[in-house]
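Q: below is the sequence, then the predicted model.
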Amino acid sequence: MELGVSLRDKIRNVEIRKRTRITDIARRAAKLKWQWAGHIVRGRDGHWGPKVLEWQPRTGKRSVGRPPTRWTDDIRRVTGSR
């Protein structure tokens, strides 16, 4: 699909997505994350849900700087501690 848009036109990505009806990949990823979280929450108690949510790979050395955000951190930020 050719829109005839160049970088000099300075059209925002939001406007281009409206014209092409393409969803933002960040929003799509966030939606899929929440769908998966809902799927895990609806599972049986004592199932493997907490192990999956809290799992972090062990690579030996810890990286310098801020620790990576876990899925549960994002869910708790939005929903609260409960």
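A: Happy to help now that I have it. Residues are numbered from 1 along each chain as shown.
Q: any idea how far Trp71 is from the residue most central in space within the chain?
A: The structure's the chain has its C-alpha centroid closest to Ala30; by C-alpha atoms, centre = their mean the separation is 3.5 Å. Distance, Ala30 to Trp71, using C-beta to C-beta, to the nearest Å: 11 Å. Where C-beta positions appear, they are placed from N, C-alpha and C, glycine not excepted.
Q: ok, Val78 next?
A: 11 Å.
Q: what of Trp36?
A: For Trp36 relative to Trp71 (C-beta to C-beta), the value is 8 Å.
Q: about what we covered before: any idea of the pLDDT on the residue nearest to the centre of the chain?
A: Looking at Ala30, its pLDDT is 83.
Q: please apply the same query to the one 3 residues further on.
A: Looking at Lys33, its pLDDT is 82.
Q: which helix or strand contains it?
A: Using DSSP states H and E, Lys33 sits in helix 25-41.
Q: if we can go back for a sec, looking at Val78 and Trp71, which has the bigger crowd around it?
A: Trp71 (16 against 9; other C-beta atoms under 10 Å).
Q: is it true that that one touches Trp34?
A: No: judged on C-beta atoms under 8 Å, Trp71 makes no contact with Trp34 at a distance of 10.0 Å.
Q: quick check: what element follows the helix or strand of the chain with the lowest mean pLDDT along the chain?
A: Every helix and strand of the chain was ranked by mean pLDDT, DSSP states H and E. The lowest is helix 49-54, at a mean of 66. Counting by DSSP H and E, the next helix or strand C-terminal to helix 49-54 is helix 71-79.
Q: distance of Asp74 relative to Lys33?
A: Asp74 is 7 Å from Lys33, by C-beta to C-beta.
Q: please read the previous query as pertaining to Lys10.
A: Separation of Lys10 from Lys33 (C-beta to C-beta): 32 Å.
Q: and the residue nearest to Val5 when sequence neighbours are not counted, how many neighbours?
A: Excluding the flanking residues, the one nearest Val5 by C-beta to C-beta, 6 or more residues apart in numbering is Ile11, at 5.6 Å. If you count neighbours by other C-beta under 10 Å, Ile11 ends up with 13.
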